[in-house]
Structures are given as structure tokens and as C-alpha cells.
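> Need coordinates for the below:
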Amino acid sequence: MTTPRVQKTAAEWQALLSPLAFQVARQAGTERPFTGAFWATTTPGTYHCVCCETPLFRSDAKFDAGCGWPSFFEPLAGANLVELADHSHGMRRVEVRCRTCDAHLGHVFPDGPAPTGLRYCINSVCLTLEADG
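Numbering: from 1, shown residues only. This next block holds a predicted model:
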């Protein structure tokens, strides 16, 4: 299930987000590894987009990839993500964005665990966590 598109001006996003969340989610930045709120979190729940609150990942798909960012082997609902070719920084990667608001979330790599073999490497600052219960 997808939600209606959310569009705001840069000034509106800046008013809603922390400076780091704005830089990462709206300007395709990256937070430093091992510094984000969720890289080592084991709390059961649902991870949402920090910009629009679209549900993106479940904690039972989260695993410790040792990379310093929250990593998931599958999204909650694939329709809520968009994958784009990213050739920045002299690399070939696949960028992951929120389908609802176009927030940059991170990247997906083909080196994750079973059952998908994927590693969605997501910036903590781009997520909120709604704990179960």
C-alpha cells in the first residue's frame, strides 16, 4: 500500500527536520558510521521515514552488518521505496529513496544475508522507530 506524495519546499523541510536530517535526507548526504541512533538498536518495531512517516522496514529484517548504519535484508513494503542508479564519488551504487517524499535514505548492496541477499544500508537520521506494544 502506498501513500499520497508529500512535497514541500526546502524551507519547509528545514523547519521540520534537524540540520543533519535535512542534509542527509533532502541533500543526499551521509551520517558518520557508528554515530546514528539506530545502528545498534534491537528494539522490536517499525522504522518510518523521518520526513513523511511512511513505514519502510520492520525490526525483524534488521541485522548487524558491521558497517555502522542500520541494515535490513528487505523493506516492509517494496512499493514504499525507489531504487536509483548512483554514480557519485566514483562508485556504482544503488540509492534508496522514499517513494512518498523522495527522501534519500541510503543505498542497497547485494551482500546481505538470506533470504534476499540484500543489504539496505540506511542512515539512522532518516528514520524514526515506532516500537511494538
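
> What residues of stretch 90-97 count as buried?
R93, E95, V96, R97 (16 or more other Cβ atoms under 10 Å). Heads up, the C-betas are built off the backbone N, CA and C, glycines and all.

> oh, I was asking about stretch 30-41
Buried residues in stretch 30-41 (16+ other Cβ under 10 Å): E31, G36, F38, W39, T41.

> could you dump the residues you listed to CSV with secondary structure, distance to L127 and pLDDT?
Below are the buried residues of stretch 30-41 laid out as CSV (DSSP: H, G, I helix; E, B strand; the rest coil; distance: Cβ to Cβ, whole Å; pLDDT from 0 to 100):
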residue, secondary structure, distance to L127, pLDDT
E31, coil, 11, 96
G36, coil, 8, 95
F38, coil, 6, 96
W39, coil, 10, 92
T41, coil, 10, 94
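
> okay if I get the residues you listed as TSV plus distance to G68?
Formatted as TSV, the buried residues of stretch 30-41 follow (distance: Cβ to Cβ, whole Å):
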residue	distance to G68
E31	9
G36	8
F38	11
W39	6
T41	13
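
> between those residues, which is nearest R119?
Nearest to R119 among the buried residues of stretch 30-41, counting by Cβ to Cβ, is W39 at 13.1 Å.

> hang on, isn't that closest one packed against F72?
No: W39 is not in contact with F72 according to Cβ atoms under 8 Å; the separation is 11.8 Å.

> Output stretch 74-87 in CSV with nothing but the alpha carbons.
Output of stretch 74-87 as CSV, limited to C-alpha atoms (Å, rounded to 0.1, in the frame of the first residue of the first chain):
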residue,chain,number,x,y,z
GLU,A,74,14.2,-6.5,3.0
PRO,A,75,11.9,-3.5,3.1
LEU,A,76,8.5,-3.6,4.8
ALA,A,77,6.7,-2.8,1.6
GLY,A,78,8.8,-2.6,-1.6
ALA,A,79,6.3,-0.1,-3.1
ASN,A,80,7.4,2.5,-0.5
LEU,A,81,11.0,2.6,-1.8
VAL,A,82,12.5,3.8,-5.1
GLU,A,83,15.9,2.5,-6.2
LEU,A,84,18.1,4.7,-8.4
ALA,A,85,21.5,4.3,-10.1
ASP,A,86,24.1,6.4,-8.1
HIS,A,87,27.4,7.0,-9.8
